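K.L.:
the following block contains a protein sequence and its predicted model.
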Amino acid sequence: MPDCHRPGVSVASSPLAIRDFRLVWLARFCSVLATTGTVVIIGYQLYDVARSDYGMGIGAASFQLGLLGLVQFIPFMLLTPLAGVVADRFDRRRIAALAIAIDCLIAATLAWTTQAGMVTLPLLYALAAMYGTARVFLSPSMSAIIPNVVPEQMMPRAIALGSVAWQIGSVAGPAAAGLLFARNAATPYWAAMVLLVISGFCVLAIRRLPPPQGNRETHPVRQIVDGFSYVWNERFLFGCVTLDLFAVLLGGATALLPVFARDILNVGAEGLGIMRAMPAVGAVLVAGYFSWKPLANNVGVKMLWAVVGYGAATIGFGLSRDFMLSVVLLAALGASDMVSVYIRTSLVQLNTPDEVRGRVSSISGLAVSASNELGEMQSGVAAALLGATGAVVFGGAGAIIVTILWTWIFPELRNARTFAPRFRQRNPAP
């Protein structure tokens, strides 16, 4: 229970006034700072190894980037139901800490093999699969902790502050990793190890939270079914999750950033780090604004327009041949995406009871992962067929078309006015 809910304790004025939320915030920041930098460098290393050591052309090497996304997604697809049940039955802190420890092992392996010149495509694929496995358990556990330490009325602000941690880490991580990699290829991985150790200690320092009531008496298979049923029956929630899934699945330009950095814009690893960070720059500005002034009205319409803006910025980036213009368009892409993510995450957290929150968070995470990792696969295949520019433009146009279709299929989206948890009363949790 949050500090501000305890008898005799005054209500906190901000989520950051709550000790356990500060620990969650710092843990998320350090973890994202480490893993986003690591993932970017893995992508660049894979593309460079495919081109240099395996003699692949641009199209074939681009396809390898798509496969990299696929091997990260497969564990997510297979283990998501289990991860949600685990988050609803056991100590969420320990689950998150174990996942962070796996990420730390991945960073150590990459540091050592890179230092020794032993990096190969199979090794990179194997470590990417391990990363996907760790993340499938980390995401629902960390997401489900926040409502346990923050009162409901502060949740939109806490979500925005959590997004700030995520996006600042996403800005600094790739940029710092690119700069460090340009000087010494193993250094970004050693740095990631240190950050992940800090993150793990922060998670374990959170006060012990009892597991949700009633979940240990329910069979795990039944819990899995109940979690999917809850999301399916909430049309607004289902529409939000699937909109994000298909829009980002088609509009995933970031998977092809190594191609643009190396062979189109000719800016190398340092330029890749900057480009990879720019969506997060736009996102952190939006998240910072929402942490100060949370969004309250016409949330559905604003989410739909944000996805349209995301698709338009993606098209512009694909057509750009100027590095500075590309950087600006990537920032606009991230800002638009942040509006959609903020609205969707607020709805998930505020309309989901604690006893099912881990499962719902894992399902939402599966949609996010599908949109990201399968989006990378889609981008790699499209790049092999259409070229990098054609793939990005096609994806941006697809995101806009999906938004138009979802506006018609799910009128609940355009009719939504606020984040009020009205679904909780209409459709009680299993």
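P.N.:
That came through fine. Residues are numbered from 1 along each chain as shown.
K.L.:
secondary structure element holding Ser340?
P.N.:
Here Ser340 sits within helix 323-350, counting by DSSP states H and E.
K.L.:
other SSEs contacting that helix?
P.N.:
helix 121-149, helix 155-183, helix 235-250, helix 268-292, helix 299-319, helix 354-369 (3 or more Cβ pairs under 8 Å, 6 or more residues apart in numbering; DSSP states H and E). All C-beta atoms are positioned from the backbone trio N, CA, C, and that covers glycine.
K.L.:
which of the ones you listed sits most buried?
P.N.:
Among the helices and strands packed on helix 323-350, helix 354-369 has the highest mean neighbour count (mean count of other Cβ atoms under 10 Å), at a mean of 25.
K.L.:
what's the angle from the next helix-or-strand element following that one to helix 235-250?
P.N.:
Sequence-wise, the next helix or strand downstream of helix 354-369 (DSSP H and E) is helix 375-409. Orientation of helix 375-409 against helix 235-250 (axes from the mean of the first three to the mean of the last three Cα atoms, to 10 degrees) gives an angle of 140 degrees.
K.L.:
count of neighbours near Ala27?
P.N.:
Neighbour count for Ala27, taken as other Cβ atoms under 10 Å: 28.
K.L.:
also the one 10 residues further on?
P.N.:
For Gly37, the neighbour count with other Cβ under 10 Å is 31.
K.L.:
any idea which element it lies in?
P.N.:
With DSSP H and E as criterion, Gly37 is part of helix 19-52.
K.L.:
counting contacts, what elements does that helix pack onto?
P.N.:
Counting contacts by 3+ Cβ pairs under 8 Å, 6+ apart, helix 19-52 is packed against helix 58-89, helix 92-115, helix 121-149, helix 155-183, helix 187-205, helix 257-259, helix 268-292.
K.L.:
average pLDDT across it?
P.N.:
Averaging pLDDT along helix 19-52 gives 89.
K.L.:
how about it: buried residues?
P.N.:
Across helix 19-52, burial judged by 16 or more other Cβ atoms under 10 Å covers 20-51.
K.L.:
quick revisit: how far does the helix holding Ser340 sit from the chain's center?
P.N.:
A distance of 11 Å separates the centroid of the chain from that of helix 323-350, by Cα atoms, centre = their mean, to the nearest Å.
K.L.:
sorry, back to before: and of the helices and strands packed on helix 19-52, who's closest to Leu245?
P.N.:
Among the helices and strands packed on helix 19-52, the nearest to Leu245 by Cβ to Cβ is helix 58-89 (11.9 Å).
K.L.:
same for the closest one, what does it pack against?
P.N.:
For helix 58-89, the packing partners by 3+ Cβ pairs under 8 Å, 6+ apart come out as helix 19-52, helix 121-149, helix 220-233, helix 257-259, helix 354-369, helix 375-409.
K.L.:
Leu78 is nearest to which of those?
P.N.:
Judged by Cβ to Cβ, the one of those that comes nearest to Leu78 is helix 121-149, at 8.5 Å.
K.L.:
just the angle between the closest one and helix 155-183, please?
P.N.:
Going by the same axes, to 10 degrees, helix 121-149 makes 150 degrees with helix 155-183.
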